[in-house]
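Trainee: Return atomic coordinates for the entry below.
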Amino acid sequence: MTGFLTLLQREIVRFLKDAIDTIAPPTISVILFLLIFGVALGSRLGEVYGVPYIQFMMPGLLLLAIVRNAFLNPAYSLFQSRWYGNIADFLVSPLSVEQIALAIILGGVARGMLVGTLVLLAAWLLTGVSVAQPVWALGYAFAVAVAFAGLGCIVGLWTRGWEGVGAIDTFVLDPLVMLGGVFYSVEMVRGVPIIEPLTALNPFTYITEGFRTAILGGAETHVLAGLGLTLALGAICVGAALVLFRVGYHLKA
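Mentor: Next comes the predicted model:
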């Protein structure tokens, strides 16, 4: 386990050393969303599901922070290792390809959970919101981080250029998350052309709804449904990443 833990430490130190670029911007960005849409406009939007709008929006923003950071860390780390050729050092080490993949994925999980913790702390200071079901919420956040870190690992192997990671982030993740109920409920867009069907068909809507329920409280069935979808997504993404590593996809090209 020494080699595995050393590689995991490398992945964590990598984003901590560059915290001004990796940790500060996403944290500040979410805090600005809270200030503008929650503090400034929240009072005009009233309550949603019986809670102030800023508290309704907060779980979605927290999830957004976890998703993007868990995805970006392995995507850029893995592609950078391929770009500069130091991925060869990992491959000739005694580590198995599965250990290499899992260390990179867990590095993304660590970054996602760290940024999520900072966002939650900021949200508590700004809104006073508390976590209704902390065990469910923590497990949910971890499962989401694992799923999207696995996706980041896949993208880091797939892309042939730096722009590939940004393209997936912009054209896949952003629409998926923004149309996934982060800023609104399904009832709020009922009857709205285009937005309603996109929201209803978006799997992230149900992930967001379950996480919101774990944070704010509510029916446990919503949490279980969203968590089940997240675990299925995580199994697919992590499983696919392990298979790609095992067959050496783009690792030696």
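Trainee: Dead centre of the protein: give me the residue that sits there.
Mentor: Among the residues of the chain, residue 67 comes closest to the average C-alpha position under Cα atoms, centre = their mean, at 1.1 Å.
Trainee: what about the helices in the chain?
Mentor: 2-17, 19-22, 24-33, 42-45, 53-84, 87-91, 97-127, 134-158, 162-168, 174-178, 195-201, 203-216, 220-247 (DSSP state H).
Trainee: and those helices as CSV, adding distance to residue 185?
Mentor: From N, CA and C alone the C-beta is placed, and that goes for glycine too. Shown next, in CSV, are those (distance: least, Cβ to Cβ, whole Å):
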stretch, distance to residue 185
helix 2-17, 33
helix 19-22, 32
helix 24-33, 17
helix 42-45, 11
helix 53-84, 7
helix 87-91, 44
helix 97-127, 18
helix 134-158, 18
helix 162-168, 27
helix 174-178, 14
helix 195-201, 9
helix 203-216, 8
helix 220-247, 12
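Trainee: Mean pLDDT added to these, as a markdown table?
Mentor: Formatted as a markdown table, these follow (pLDDT from 0 to 100):
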| stretch | mean pLDDT |
| --- | --- |
| helix 2-17 | 92 |
| helix 19-22 | 90 |
| helix 24-33 | 88 |
| helix 42-45 | 67 |
| helix 53-84 | 91 |
| helix 87-91 | 85 |
| helix 97-127 | 92 |
| helix 134-158 | 95 |
| helix 162-168 | 88 |
| helix 174-178 | 87 |
| helix 195-201 | 89 |
| helix 203-216 | 89 |
| helix 220-247 | 90 |
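Trainee: Of these, give the one that comes closest to residue 189.
Mentor: Of all the helices of the chain, it is helix 195-201 that lies closest to residue 189, at 4.7 Å by Cβ to Cβ.
Trainee: Can you give me the buried ones in the closest one?
Mentor: 198-199 (16 or more other Cβ atoms under 10 Å).
Trainee: Next one: residue 237 relative to residue 6, how far apart?
Mentor: Computed as Cβ to Cβ, to the nearest Å, the residue 237 to residue 6 distance reads 24 Å.
Trainee: ok, the two, which is more surrounded?
Mentor: residue 237 (21 against 12; other Cβ atoms under 10 Å).
Trainee: what separates the residue nearest to that one when sequence neighbours are not counted from residue 66, distance-wise?
Mentor: Spatial nearest neighbour of residue 237, chain neighbours left out: residue 150 (3.2 Å); criterion: Cβ to Cβ, 6 or more residues apart in numbering. According to Cβ to Cβ, residue 150 stands 14 Å off from residue 66.
Trainee: and residue 154, what is it in contact with?
Mentor: 237, 240-241, 244 (Cβ atoms under 8 Å, 6 or more residues apart in numbering).
Trainee: and if you look at residue 134?
Mentor: By Cβ under 8 Å, 6+ apart, the contact list for residue 134 is empty.
Trainee: Distance check, it against residue 180.
Mentor: Distance from residue 134 to residue 180, by Cβ to Cβ: 23 Å.
Trainee: Now do residue 126 against residue 58, distance only.
Mentor: Residue 126 is 9 Å from residue 58, by Cβ to Cβ.
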